[in-house]
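Q: using only what follows, build the 3D model:
(chains A and B)
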2 protein chains.
Amino acid sequence: MANNEKKKIITISREFGSGGRIIGKRLAEKLGVPYYDRDLLDRIAEESGFSREMIETAEKKAKNGFLYSLASAMGTGEAGPESLSLNERFFLAQFDTIRKIAEEEGSCVIVGRCADYILRGYPYATNVFIYAEEADKIKRAVEEYGVPEDQVKKVMKETDKARANYYAYHTGRKWGEHVNFNLSIDSGYLEIEDIVDLIIYYSERQIWRQTTLD
Amino acid sequence: MANNEKKKIITISREFGSGGRIIGKRLAEKLGVPYYDRDLLDRIAEESGFSREMIETAEKKAKNGFLYSLASAMGTGEAGPESLSLNERFFLAQFDTIRKIAEEEGSCVIVGRCADYILRGYPYATNVFIYAEEADKIKRAVEEYGVPEDQVKKVMKETDKARANYYAYHTGRKWGEHVNFNLSIDSGYLEIEDIVDLIIYYSERQIWRQTTLD
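A: Got it, this is the predicted structure:
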C-alpha cells in the first residue's frame, strides 16, 4: 500500500432519521472517494458468488425474524434454522469484502453494514455514530425521506430495532454505544455540511495508531 | 442579555483519565472565558451560605455511601438519612448557581457537576462527553495525573463509579449516554489541542434552538 498516509476509511453508523446516510454521501463526494452502503451488496454478491437478491431476501428475513432478536437478546450467535446460517455466510462474505476494501484499496466511506466492528483496530478507520432527538428524526423522515406521518414512529422504531438486532447478533456488542466510535454527533444541532466538515476535520487530525486487524 | 449571539456555555463530562479536565481548561483559555470545575464550589458556597468544606465533606460521604449507589441503582431520589438530604440541598444550590451563570453571565466552560443535565434544553449550551479506551486512560492517569501504577485501575473504577452514582442519583439518567450530549469524543485519537479546536469548531457552527430551561 503505497499511499497509506493519506488513506482514510470513514464508517458511519446511524439512527433512522438522523441523516447519517446523506452525511456519508456528502462526505464521500467532498473527499472524492467511493461511497458504500447497500451498493456494497453488489460487491459482496460479486465476490461471494451469491446473488444480490438472495442476500437481500435472507437479510430481510433474518432481521425481522424472531430467532434473530432472540439470539441477539441472548447474546449468542448459535446457528439457527436454514435462513440464519445462510445469513451467517452472507455476513462472512460481507466481512471479507469490507476487510479487502480496507486493506487493498484506497479511502472510502461505508455506511452501516457493521463496518465499525469489522474494521475495529484498523489504523486508518474513523468510526462515527450519527443520532438525533426523536422529534428531529421524525421531521427528517417525513420531510426528506417521505415516510407517511402516521407510520413514521413505527418505521423508525422497527428500523432501529432491526439494526440493533443485526449488529448485536453479529458482533456481540450493543448497537450505538459511544465506546465503539471515535466520534458521536447529534445531527440536530448542525447543518449537514458542517457535520461533514467536522468529520473531515477529525479524520485529518486523527492519530493513526499501530494497531492491526485481529 | 445583550450579547447572546456570541454567548456559549460548554459543559464537559468525562471519564477518569480521559483528559477531559485538561481539555476544558485549554478550551476556556483559548476562548478567553471563565473555567469552572471544583472552583464552582466556592461560588456555590458563597451563594448558598454553606461552607465549602461542609459541601465537600457531604459530597464525598454521599458519593461513596451505600445509600447513594442503592438510590441510584433504584433510580430514586428519595431522601435518606441526614447526609443525603444535606447533599440534596447542596445539589439544589449547585443547580441554582449553574443556572444563574448560564442566564445572567457570559460564556464559560464547566467541567462535571451534572452541568449537562442542569442546562438541558438551554439554547446556548454545547454538551460534550470525553472518554477513551482503558489503556489510554491508565497511561494518562499514571503519567500525567501521577496516580501510582498499582492503584490506577482501582482509582479509575471507583472515581467513575462515584460519578455515575452521583449523576444517576440527581438526574435519573444513566451517566455517559450519547443522547445527553451534542458530541462524544474518544480522546485517544487526537491531540488535546485538536480536541479543543474540534469543540470550538462545533460550538461555532451550532444551531441555537429556541428551547428554554424547564
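Q: could you point out the longest helix of chain A?
A: Taking DSSP state H as the assignment, the helix of chain A that covers the most residues is helix A:82-104.
Q: which elements pack onto it?
A: Helix A:82-104 makes packing contacts with helix A:40-48, helix A:52-64, helix A:66-74, strand A:108-111, helix A:115-118 when contacts are defined by 3 or more C-beta pairs under 8 Å, 6 or more residues apart in numbering or on different chains; DSSP states H and E. Every C-beta, even on glycine, is put in place using the N, C-alpha and C of the backbone.
Q: can you flag the weakest of these by average pLDDT?
A: The weakest mean pLDDT among those belongs to helix A:66-74, with a mean of 55.
Q: any idea how far residue A:163 lies from chain B?
A: Counting by C-beta to the nearest C-beta, to the nearest Å, the gap between residue A:163 and chain B amounts to 15 Å.
Q: repeat for residue A:121
A: With distances taken as C-beta to the nearest C-beta, residue A:121 is found 10 Å from chain B.
Q: count of neighbours near that residue?
A: Residues within reach of residue A:121, counting by other C-beta atoms under 10 Å in any protein chain shown, total 10.
Q: backbone phi and psi for it, please?
A: Recorded main-chain torsions at residue A:121 are phi 80, psi 0, according to degrees, to the nearest 10.
Q: and residue A:50, what is it in contact with?
A: Under the criterion of C-beta atoms under 8 Å, 6 or more residues apart in numbering or on different chains, the neighbours of residue A:50 are A:44, A:89-90, A:93.
Q: returning to what we had before: what residues of the longest helix of chain A count as buried?
A: Buried residues in helix A:82-104, defined by neighbour count with 16 or more other C-beta atoms under 10 Å in any protein chain shown: A:83-84, A:86-88, A:90-91, A:93-95, A:97-98, A:101-102.
Q: now the angle from it to helix A:40-48?
A: With axes from the mean of the first three to the mean of the last three C-alpha atoms, to 10 degrees as the criterion, the two stretches helix A:82-104 and helix A:40-48 enclose an angle of 90 degrees.
Q: averaged pLDDT, helix A:82-104. What do you get?
A: pLDDT averaged over helix A:82-104 equals 80, rounded to a whole number.
Q: ok, stretch A:186-202 next?
A: When pLDDT is averaged over stretch A:186-202, the result is 96.
Q: in contact with the residue sitting nearest the centre point of chain A, which residues?
A: By C-alpha atoms, centre = their mean, chain A has its centre lying nearest to residue A:112, at 1.3 Å. For residue A:112, the set of contacting residues under the criterion of C-beta under 8 Å, 6+ apart consists of A:12-14, A:37, A:163.
Q: can you classify residue A:208 by secondary structure?
A: Using DSSP: H, G, I helix; E, B strand; the rest coil, the structure places residue A:208 in coil.
Q: so how far is the helix or strand where residue A:154 lies off the chain centroid?
A: When elements are assigned from DSSP states H and E, residue A:154 belongs to helix A:152-171. For helix A:152-171, the gap between its own C-alpha mean and the chain's C-alpha mean amounts to 12 Å (C-alpha atoms, centre = their mean, to the nearest Å).
Q: same check, this time on stretch A:92-103
A: On the basis of C-alpha atoms, centre = their mean, the separation between the geometric centre of stretch A:92-103 and that of its chain is 13 Å.
Q: ok, now stretch A:18-35?
A: Between the centre of stretch A:18-35 and the centre of its host chain there is 13 Å, according to C-alpha atoms, centre = their mean.
Q: what does that stretch rub up against?
A: With contacts defined as C-beta under 8 Å, 6+ apart, stretch A:18-35 is touched by A:8, A:10, A:12-14, A:37, A:105-111, A:130-132, A:136-137, A:140, A:144, A:187, A:192-193, A:195-196, A:199-200.
Q: out of the residues you listed, which are buried?
A: Of all those considered here, the ones buried according to neighbour count by 16+ other C-beta under 10 Å are A:8, A:10, A:12-14, A:37, A:107-111, A:130-132, A:136-137, A:140, A:187, A:195-196, A:199-200.
Q: now the host helix or strand of residue A:142: buried residues?
A: With elements delineated by DSSP H and E, residue A:142 resides in helix A:134-143, which encompasses its position. Under the neighbour-count criterion of 16+ other C-beta under 10 Å, helix A:134-143 has A:136-138, A:140-142 buried.
Q: let's see it as PDB, backbone CA atoms only.
A: Taking C-alpha atoms only, helix A:134-143 is exported to PDB below (Å, rounded to 0.1, in the frame of the first residue of the first chain):
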ATOM      1  CA  GLU A 134     -36.800  11.900  18.300                       C
ATOM      2  CA  ALA A 135     -38.600  15.000  17.100                       C
ATOM      3  CA  ASP A 136     -35.800  15.800  14.800                       C
ATOM      4  CA  LYS A 137     -35.600  12.300  13.300                       C
ATOM      5  CA  ILE A 138     -39.400  12.300  12.800                       C
ATOM      6  CA  LYS A 139     -39.200  15.600  11.000                       C
ATOM      7  CA  ARG A 140     -36.500  14.500   8.700                       C
ATOM      8  CA  ALA A 141     -38.000  11.100   8.000                       C
ATOM      9  CA  VAL A 142     -41.300  12.700   7.000                       C
ATOM     10  CA  GLU A 143     -40.000  15.700   5.100                       C
END
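Q: tell me what that helix is packed against?
A: Packed against helix A:134-143 by the contact rule (3+ C-beta pairs under 8 Å, 6+ apart) you find helix A:152-171.
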